[in-house]
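>>> Provided below for reference: sequence and predicted model.
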Amino acid sequence: AQSVDQPDAHVTLYEGASLELRCSYSYSAAPYLFWYVQYPGQSLQFLLKYITGDAVVKGTKGFEAEFRKSNSSFNLKKSPAHWSDSAKYFCASANYGNEKITFGAGTKLTIKP
Amino acid sequence: ETAVFQTPNYHVTQVGNEVSFNCKQTLGHDTMYWYKQDSKKLLKIMFSYNNKQLIVNETVPRRFSPQSSDKAHLNLRIKSVEPEDSAVYLCASSWTGGNSDYTFGSGTRLLVI
């Protein structure tokens, strides 16, 4: 079964710093990888996804992520970070023919002004 | 407006009661989902429907039952709620296929007292 690991439950940075949220997946077949964001009191919003092709994918709100097959990672990046980026970020994976996305436990990001 | 709509936003009930949550999507998607988000914000899939047909049914207690009248509607009924059912229930929709991102509704927060 596929699984997603987000090893950092909490990340705190100062505004203007570069952020990188870690995500690793475990599945033998080619995965589809996603990042979602949940702002306080709100539901989940789609940020970006990797399906195939270029390893670096760009999404909304200035975020990008890099797919690295060598170490099964799909880290989310943004520079510079803004205080409004404070939220919980979920990495997720799926695969061809599987009608469900498996979510990681999430990373709570706090950006200090 | 095209989106995923959930009602009610919030529901408080006593142990043993029956509750129903509604979800409608106006995006034209052919697949809908129910996820449970617990107090630690962990997301677990419960059910998935494709064109009114159940395609994913994770191990959930039998008191939970999904109901779909058409591909735009997916309701969730809980017979005889338990305290551990207190959570946020998120409805989502997408196109068929593991590479399709989800659009989430705003969620229904259930409190069982």
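In hand now; what should we look at?
>>> rest of the way, CA atoms for contacts and neighbours
OK.
>>> end to end, how far does stretch A:104-113 reach?
In terms of C-alpha to C-alpha, to the nearest Å, the two terminal residues of stretch A:104-113 are separated by 27 Å.
>>> what about the residue nearest to residue A:80 when sequence neighbours are not counted, which helix or strand?
Nearest in space to residue A:80, with sequence neighbours left out and distances taken as C-alpha to C-alpha, 6 or more residues apart in numbering or on different chains, is residue A:16 at 4.5 Å. Using DSSP states H and E, residue A:16 is not contained in any helix or strand.
>>> quick one, what contacts residue A:16?
Residues counted as contacts of residue A:16 (C-alpha atoms under 8 Å, 6 or more residues apart in numbering or on different chains) are A:79, A:80, A:81, A:82.
>>> out of these, which end up buried?
A:81, A:82 (16 or more other C-alpha atoms under 10 Å in any protein chain shown).
>>> can the contacts of residue A:16 go into CSV with extra columns for secondary structure, distance to residue A:25 and pLDDT?
What follows is these, written out as CSV (DSSP: H, G, I helix; E, B strand; the rest coil; distance: C-alpha to C-alpha, whole Å; pLDDT from 0 to 100):
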residue, secondary structure, distance to residue A:25, pLDDT
A:79, coil, 24, 95
A:80, coil, 26, 96
A:81, coil, 25, 96
A:82, coil, 27, 95
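>>> quickly list what residue 73 is bridged to.
Since you didn't name a chain, this refers to chain A. residue A:24, residue A:68 (DSSP bridges).
>>> other chain: chain B
Beta-bridge partners recorded for residue B:73 (DSSP bridges): residue B:24, residue B:70.
>>> just the one 4 residues further on next, same as before
Residues in a beta bridge with residue B:77, per DSSP bridges, are residue B:20, residue B:65.
>>> quick check: it vs residue B:17, distance?
Counting by C-alpha to C-alpha, the gap from residue B:77 to residue B:17 is 11 Å.
>>> what about the two, which has more around it?
residue B:77 (16 against 12; other C-alpha atoms under 10 Å in any protein chain shown).
>>> which ones are touching that one?
B:18, B:19, B:20, B:21, B:63, B:64, B:65, B:66, B:67.
>>> which residues of chain A lie near chain B?
By the rule C-alpha under 8 Å from any C-alpha of the partner chain, the part of chain A lying against chain B is A:32, A:34, A:42-46, A:49, A:51, A:94-106.
>>> show me these that map onto strands.
Using DSSP state E, A:32, A:34, A:44, A:45, A:46, A:49, A:94, A:95, A:102, A:103 are the members of these that sit in strands.
>>> just among the residues you listed, which is most surrounded?
The most crowded member of those, judged by other C-alpha under 10 Å, is residue A:94 (28 neighbours).
>>> in chain B, what secondary structure element scores lowest on mean pLDDT?
One helix or strand of chain B scores below all others by mean pLDDT, DSSP states H and E: strand B:53-57, with a mean of 79.
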